[in-house]
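Asker: Provide a 3D model corresponding to the input given below.
(2 chains)
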Amino acid sequence: MPVNPAFAGRTYPPAGPYQIEREQLRQFAAAVGATAPACLDPAAARALGYADVVAAPTFAVVIGQQAEAQYIRDPASGIDFGRVVHADESFRHHRPIVAGDRLWATLTVESVAERQGLAMVTTRVDLHDAAGLPVAAVTSTLAVRGEPS
Amino acid sequence: MRSAVAGDRIGPFTVALTRSDLVRYAAASGDSNPIHLDEAAARAAGLPGVIAHGMLTMGQVIGPLVDWAGGDPAVVASYQARFARPVPVPQAGAAELLVAGQIASVEPDAVTVNLSVTLNGSRVLAKAQAVLRPKHGARRRV
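Answerer: Residues are numbered from 1 along each chain as shown, chains lettered A, B, ... in the order given. Purely as a prediction, here's the structure:
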């Protein structure tokens, strides 16, 4: 089934809360080779003025991809996850993500376009906190390969 | 960052990615796409073999910039990249990325850095750029 263009422009209700845990941030930091002590050690984070360990710069993608799944994993989207390759990604941070945060994620399907046999799907996930204040925006474009003919 | 001027270089650094790094990133990120874990699935998707998560590459190569800026990860105000080429990761050994930063512009409250990331001389990230905006934690260095 081809990728369904009818999803373009759709915004989903906020998903969450996502409870951000210290161990989760430390494991992510270790997995991306982050050496900044504030990502790993609560005392080092406190020395920089944070309540607890701080997320590595790309951590927001973890929440972003969970939120994206509402769309990507929906059979009606027409996206075969096995044929998906990541095309590009961007982050805009409004404030640091710190262990103990509770975040909500609002997913928007920005565009669905065909390009040279690939379907290019761009999503944006806006993260906000319990006070409703913006935390980060994660924009992701996936290339979905067509079925071999 | 205080004395940074446009054109200054950061690095180069090398980042080595192994199959076990991919397994660890899949677990830590929840990104379980089998093209990063399973040779057969990668080939079925039309790839030459298992490739690194684009987000693993992007996550790994920003670390040296955070360290350069003084160690506060929140210094990264924005960060973007295009995944220009897949990064195949061999079953044994590692894919070795060469990472080099160059300062594109310096403003009073922000330093923009362009990142070059290559594998065997070919660019794997395109338009990779980070804007570093010192916050309270980084004040000692800026």
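Asker: When you work out contacts or count neighbours from here on, use the C-alpha atoms and nothing else.
Answerer: Noted.
Asker: Can you pull out the low-pLDDT segments for chain B?
Answerer: Applying pLDDT under 70 to chain B picks out residues B:2, B:135-142.
Asker: State the helix or strand in which the residue nearest the centre of it lies.
Answerer: Note on chain B: the residue nearest the mean C-alpha position is residue B:61, at 2.6 Å, using CA atoms, centre = their mean. According to DSSP states H and E, residue B:61 maps onto helix B:54-68.
Asker: which parts of chain A sit against chain B?
Answerer: A:24, A:27-28, A:31-39, A:48-49, A:54-58, A:62, A:65, A:81-83, A:86-96 (CA under 8 Å from any CA of the partner chain).
Asker: Which ones among these lie within helices?
Answerer: Within the residues of chain A next to chain B, residues falling in helices by DSSP state H are A:24, A:27, A:28, A:31, A:37, A:38, A:39, A:62, A:65.
Asker: and the closest residue in space to the third one that isn't next to it in sequence, which of the three is it?
Answerer: I take that to be residue A:28. Leaving aside its sequence neighbours, residue A:28 sits nearest to residue B:28 (CA to CA, 6 or more residues apart in numbering or on different chains; 5.0 Å). Here residue B:28 is helix, with the state taken from DSSP: H, G, I helix; E, B strand; the rest coil.
Asker: tell me the contacts of residue B:28?
Answerer: By CA atoms under 8 Å, 6 or more residues apart in numbering or on different chains, the residues touching residue B:28 are A:24, A:27, A:28, A:31.
Asker: So in chain B, which strand runs the longest?
Answerer: strand B:95-107 (DSSP state E).
Asker: sorry, that was for chain A
Answerer: strand A:102-115.
Asker: other SSEs contacting the helix or strand harbouring residue A:70?
Answerer: Taking DSSP H and E as the definition, residue A:70 sits inside helix A:60-72. Packing partners of helix A:60-72 (3 or more CA pairs under 8 Å, 6 or more residues apart in numbering or on different chains; DSSP states H and E): strand A:102-115, strand A:118-129, strand A:134-145.
Asker: want to try CSV for these, with mean pLDDT and mean neighbour count as columns?
Answerer: Shown next, in CSV, are these (pLDDT from 0 to 100; neighbours: other CA atoms under 10 Å in any protein chain shown):
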stretch, mean pLDDT, mean neighbour count
strand A:102-115, 96, 20
strand A:118-129, 97, 23
strand A:134-145, 95, 22
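Asker: okay, the longest strand of chain A in CSV with CA atoms only?
Answerer: Only the C-alpha atoms of strand A:102-115 are listed here, as CSV (Å, rounded to 0.1, in the frame of the first residue of the first chain):
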residue,chain,number,x,y,z
ARG,A,102,7.0,15.1,33.2
LEU,A,103,6.6,15.9,29.5
TRP,A,104,3.7,15.8,27.0
ALA,A,105,4.2,15.4,23.3
THR,A,106,2.1,16.8,20.5
LEU,A,107,2.6,15.2,17.1
THR,A,108,2.0,16.9,13.8
VAL,A,109,2.4,15.3,10.4
GLU,A,110,3.9,18.3,8.6
SER,A,111,4.0,16.8,5.1
VAL,A,112,3.8,13.6,3.0
ALA,A,113,5.5,13.9,-0.4
GLU,A,114,6.7,11.6,-3.2
ARG,A,115,10.2,12.1,-4.4
